[in-house]
Structure formats: C-alpha cells, structure tokens
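Asker: Return atomic coordinates for the entry below.
(2 chains)
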2 protein chains.
Amino acid sequence: MIQHLAVVGATGAVGREFCALLEERRLPARRITLVASARSVGKTLRVAGGTLEVQPLTEATFQSVDFAVFAAGGAVSRQYAPIAVSQGTVVVDNSSAFRMDAEVPLVVPEVNAADLKQHRGLVANPNCSAAILVLVLAPLHRVNPIQRVVVSTYQAASGAGAAAMQELRTQTVEYLSGRPVRPVVFPHPIAFNLFSHDSPVGSDGYNQEETKLVEETRKILHAPELAVAPTCVRVPVLRAHSESATLTFEHPITVELARETLAGAAGLKVVDDAEQRRFPMPVEASGRDAVLVGRIRRDLSQPDGRGLQLFLCGDQLRKGAALNAIQILEALTQPG
Amino acid sequence: MIQHLAVVGATGAVGREFCALLEERRLPARRITLVASARSVGKTLRVAGGTLEVQPLTEATFQSVDFAVFAAGGAVSRQYAPIAVSQGTVVVDNSSAFRMDAEVPLVVPEVNAADLKQHRGLVANPNCSAAILVLVLAPLHRVNPIQRVVVSTYQAASGAGAAAMQELRTQTVEYLSGRPVRPVVFPHPIAFNLFSHDSPVGSDGYNQEETKLVEETRKILHAPELAVAPTCVRVPVLRAHSESATLTFEHPITVELARETLAGAAGLKVVDDAEQRRFPMPVEASGRDAVLVGRIRRDLSQPDGRGLQLFLCGDQLRKGAALNAIQILEALTQPG
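Answerer: Coordinates of the predicted model:
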C-alpha cells in the first residue's frame, strides 16, 4: 500500500498516461500529489476518481512521499530524484539519467523483477524502444541464448512528448492545405516524412537513442556481450513504436518453438496470421498493454537455422513508459 | 532515336512520372502514343511539349512502335508484352511479370547496363525497393564483396499507385476529423499507421515484396549467393522509399572508404552530416533523381570490422520506376 505517491511531470504525455493507468489498474495510494513545471501549476487533473490541483516542484515536495514517479526529463530527475531519495522516497525514474548507473536497477518486471531487490531508493524505467524489445527477446533468450540482434525501429511521435504528437497533427493539416510546414519540436518535418532519430549523434555514428537501445537491452537481459546493431527512425505515427528485428541464436531454433515461447510469455500477444495478412500494427498496439509480435519467420540468410526475423509493436506511452512504471510500483508494493 | 514510343499505363502514377521525365530529360521520340485502360481512353495528357489523347490498348497498338514502356501491372504485361515483342517492339516492362526470367535482363543502368546486350526484345525494370538498394550496394560490392544484407524498408504509398497516394491523403483527413477510416486500396489503415507489406505471404513467411527484393538484388548484382534478410513495411509517406541496411563484407572495410566509394558512384548523393543531424529523408528524396545515402557507420555488432550500417531514401516513382525505365531507353537508343 502506498501512503503518498507523487507524480512528477503529471501534465506531460507519460504523466497523463500514468494517471489514467493508476485508475485503470486500481493501484492503491492513500494520497496522490501531482507535480509539474511552473506553467502547469494550478491546473486541475482528474486522477483515481478525484480532481487534483497541480503543485510546483520544490525540495519540500517529497517530505511525506513514500513513492514518486518522475516523468519530467533527465534534468529534473538529476536535480530532484537524489533529493527525494535522501528523504526516504522510493523513486521510479522514467528519464535516462540513472539507467546505466550500476547501483540502479533497470527493470521490465516481466523480465527482471528480481533486480528490484537491489534498489537503493531509485529504480530506472527503461527507454521505450528497449522496454518493448526486451519483452520479446527475454523469453526467447531463456530457451536459446541470443547472440546478435539487428533492429530497425519505426518510432512514434509520442516518444518526444505531447507537443510532438500535436506537431504531427498540426503539420499534417498544414501539408494537406498546401501551407508551408514549420518544424518546432522536431528538427525536421514529420508529416508524411520520417527521419533518423533526432537525438545527438556520437563519434561512432550512433545516435543516443541507438546507444540506449544497445546498452539497456544488455543490462535488462543481463547479457553484457549481446551484439546489437540498432537503427532508430522516427515515423509519422502517433503513439506506438514498431521494430523489425533479425536475431541470431546460439543454437538452431524453429519458428514453431519461437511462436509457442512468445505466445506463452507475459505481456505479449502473438499477431501472426499470414493468410489474412494480419500482423502487428501501431493502430492496434495503441492504448493496449500487450506488446504485439508477429512475422515470426526463419531467417533464410542464416542457413544454419540459427536465425529468426520478427516484427513487434508496442504502445510507447504504456509498456514503453507509464505502464512499465506502474508495474514497477506494483512489484515494489505488492511483494510475492 | 526512337521513331515511335508507346507508354502503356500512361495515366497511372508511374506513367505520369514517365511522361514528365520524357520532357525533363529530352529523350527524343518522333512520335508518342499514350495507352491506358478503357476508363481513361479519350483523356488528354500533356507530354513532351504537346497534348495527346489516351488510346485504348489493343493487339494493333504496337504495329509501328519501336519502343514501349509498360507500367500497367503484371496482368497487362503478361498479355500484351509478348504481342509487342513479336511485332518487333522493344519493351521495357515495369511489372514483375518477367523480371526473374533468365532470358530477360533486369537492369539498373548504373549497375549492370552491359546486361542490356543480351535482351531479346524485353527488358525488365526492377522492383522499386531493389532498384534503390542495388544502387547503393553495387559500388561497395565492387570494392569489397558483400556477403549478407539485413534490410528493413519504410515504403511509401506510391508503390501501390496513384489511388493509394490519394487514400493516404483522404484517410489522414478522415482520421484528423475524427471520422472512421475506411481502407479501400490498402487492406489496413495507412493514416498514422504502418503495416507489413500488403503483398501475399509465402509458406516461408516472406511476403512477395520481400522475395522480389532478395531475388532481384541477387540478379542485378550477379551475386546469386548473396544472403539477404528482408523486412518490407508500408509507412504513411507519399512517394519516397527508405531502407535501413546492415551489411557484412568479405573483408574488413572502413567507414571512410565506404563514404568515398558512395560519394563517387553514379546516381547517389551522400547526405551524412552527424553534427547537423542531416541524413536521408523521404521529403528530400521526393522528386529527385539521386538516391540519398547516409548514416554510414561501422556496425559495432560485427567486431571483425566487416560490418557497416547505412540508411537510404529514393523516390519510388523516379529511380524506383520511371527514371530507371527512361535510363534503360536511353542506354538502348544512345549506345556508347
């Protein structure tokens, strides 16, 4: 039972989804405090059956708070999460600030809930693309160790926040009206376009999103040697990410075993009907808890039978962010 | 010099682009006949500085025609291309009907123009995704043989024709107005969505588009053993295809050599500015002849230095179809 829960970044895309899920999943909290940036203070939001006024973020925010979810970006987490932890608050942080810290568990509950036991007041919620990918990789990795993953993403606007989702809508209207398209949130047009993920690019040629996908996948799977070749791309989709993955296993694996394994895994739904051509799609993954996986086929380019290809879609705001954070809270507060 | 050129399927997306390119590239033809299906007969189109009335397709169409371009789908090509060839017409066929026929050259002029010498009246124009991919692979393959390609596509609506492009626009308006989205051309919603390529899926789990991409890439590159792992996906983009490719070479290769090689290759433009985060994008590839290639980086998942990753965009209607057909005609009629 949570005595006092704080939601930091309550008015953002992830924060709003988190509040909706609090109600949907009936996570019991005696008291809830919604926190957001100065320009949202005083707004009211409906959450868990009541209406709450948004509060400002101060050092005093966490005084009686036993659990806090941070979804306000890395800078806010870096500044305030340590303050909260020092006051005894257990923080679930959606930013990338602490994810690769060796002392901070990075958790997808279906995959590595046991890592929660080592927390020292701070648990990191993974990158959205990594969260939905490991949900598919983990059950396969358990039956036959995965050696290499080549993954290309098709990432929704929601990963860049509510303003980015609005920009996709607004730009689309502008484009269809023949008006000039003016990118504000994204560096490039997003309407009827796509582009390499808009995070900074390192000296190795990989952008930060790709580096996160590699490092976080390894950490969550406890597979530091796993080879990952990532390409992260932003597409004009609103809120579900898709990923095309080509896997190499240690031993030969059949499509049948892979499909059975995935069908029996928590958090997944196999959508793989070749005859009806029904496979995972963002519109069907949106607003759903389950990550959809399909197009499970033998990779004919790996003639030793150790290769599989598959395609997955997951709601970026749910399993990619808010749902996973709620599941971490559930695991922390409902042991056993 | 072409005496009499017939354009079959002149009112479709590829046919219209072909007519525009005839003018732009000043391909000399003394006489042009535009042919289309019954419902378009009698319409007039502007082409090569004049206005022409669309004619019906009959067995007599090709009597004085020395060159014909077919862009009206596989069924029309299968029925009428042999008739045209038997009457002495040289046919450039944009459909998939004859592409894998051992006696039919499948040509991207920058890559394998020499194969044109073996034609017996019929030359096949490749699948759009294959055409833009081989343009990037071929120069690299010449300096260091490619052994394996893992490729995920981001394919525009134009690949399914003009009606599909209109469906993307119409559905987008419906979606933004909160009206129900009604797929007609595509089997699934395309507005703010994406889906596994809508071609039939074979018993091996690959759809026809993927199988074409594998087989045609091998044929054009004269590399029957090349391993290709394809995933073809339709995205809500109007007319340029994108592809994420992960390559394995026979020998180690540096990013610098790859970039130099691609920068010096015909038909390509390297767009690879990590600092400004400018990489290939469909909106910048649209309406252009050059295929854009960038994000050229060492694949860290292949520690032996034999791996590269890159991203490319090419106009589906130009290099993916009409431009390549024009270039084939140019090579056939302007030898040397």
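
Asker: From here on, just use CA atoms for contacts and neighbour counts.
Answerer: Noted.

Asker: how much space between the residue nearest to A:Gly267 when sequence neighbours are not counted and A:Ala240?
Answerer: Among residues not flanking A:Gly267 along the chain, A:Ala290 sits closest, at 5.0 Å (Cα to Cα, 6 or more residues apart in numbering or on different chains). Distance from A:Ala290 to A:Ala240, counting by Cα to Cα, to the nearest Å: 11 Å.

Asker: Quick check: the nearest residue to A:Thr44 once chain neighbours are set aside vs chain B, distance?
Answerer: In space, not counting the residues next to it along the chain, A:Thr44 is nearest to A:Glu53; the distance is 4.3 Å by Cα to Cα, 6+ apart. In this structure, A:Glu53 and chain B are 30 Å apart, going by Cα to the nearest Cα, to the nearest Å.

Asker: pretty sure A:Glu53 contacts A:Leu34?
Answerer: Yes - look at A:Glu53 against A:Leu34 with Cα atoms under 8 Å: they come within range, at 7.1 Å.

Asker: out of the two, which sits in the more crowded spot?
Answerer: Counted by other Cα atoms under 10 Å in any protein chain shown, A:Glu53 and A:Leu34 do not tie: A:Leu34 has more neighbours, with 27 against 15.

Asker: Can you give me the buried ones in whichever strand or helix holds the more buried one?
Answerer: Here A:Leu34, judged by DSSP states H and E, is contained in strand A:29-35. Neighbour-count burial for strand A:29-35 flags A:32-35 (criterion: 16 or more other Cα atoms under 10 Å in any protein chain shown).

Asker: Are stretch A:197-213 and chain B in contact anywhere?
Answerer: Yes - judged by Cα under 8 Å from any Cα of the partner chain, stretch A:197-213 comes into contact with chain B at A:198, A:200-201, A:204-206.

Asker: repeat for stretch A:167-180
Answerer: Yes - Stretch A:167-180 reaches chain B (Cα under 8 Å from any Cα) through A:169, A:173, A:176.

Asker: And the residues you listed, which is closest to A:Leu300?
Answerer: A:Leu300 has its nearest neighbour among the residues of stretch A:167-180 next to chain B in A:Arg169, at 39.6 Å by Cα to Cα.

Asker: Between A:Ala290 and A:Ala240, which is the more surrounded one?
Answerer: Shown here are A:Ala290 and A:Ala240; by other Cα under 10 Å, A:Ala240 has more neighbours (32 against 20).

Asker: didn't A:Tyr154 look like it was pressed against A:Val233?
Answerer: Yes - with contact defined as Cα under 8 Å, A:Tyr154 reaches A:Val233; the gap is 5.4 Å.

Asker: what are the ranges of the strands in the stretch 201-336 of chain A?
Answerer: Along the stretch 201-336 of chain A, counting by DSSP state E, counting those that start in this stretch, strands occupy A:227-231, A:233-234, A:240-249, A:268-270, A:291-298, A:307-315.

Asker: related to what we said a few turns ago, common neighbours of A:Ala290 and A:Ala240, please.
Answerer: Taking Cα atoms under 8 Å, 6 or more residues apart in numbering or on different chains as the contact rule, A:Ala290 and A:Ala240 both touch A:Gly314.

Asker: Can you pull the phi/psi pair for the residue nearest to A:Gly267?
Answerer: With angles defined as degrees, to the nearest 10, A:Ala290 sits at phi -70, psi 140.

Asker: who touches it in this structure?
Answerer: A:Ala290 neighbours (Cα under 8 Å, 6+ apart): A:267-269, A:314, A:319.

Asker: Would you mind measuring from the residue lying farthest from the centre of chain A to chain B?
Answerer: Within chain A, the residue lying farthest from the chain centre (Cα atoms, centre = their mean) is A:Gly178, at 34.8 Å. A:Gly178 is 12 Å from chain B, where distance means Cα to the nearest Cα.

Asker: Tell me which helix or strand that residue sits in.
Answerer: Using DSSP H and E, A:Gly178 sits in no helix or strand.

Asker: quick one on the thing from earlier: what subset of the contacts of A:Ala290 is buried?
Answerer: Buried by 16+ other Cα under 10 Å: A:267-269, A:314, A:319, out of these.

Asker: number of nearby residues for the residue in the stretch 1-150 of chain A positioned nearest to chain B?
Answerer: The stretch 1-150 of chain A approaches chain B most closely through A:Arg148 (7.2 Å), counting by Cα to the nearest Cα. Per other Cα under 10 Å, the neighbour tally for A:Arg148 reads 20.
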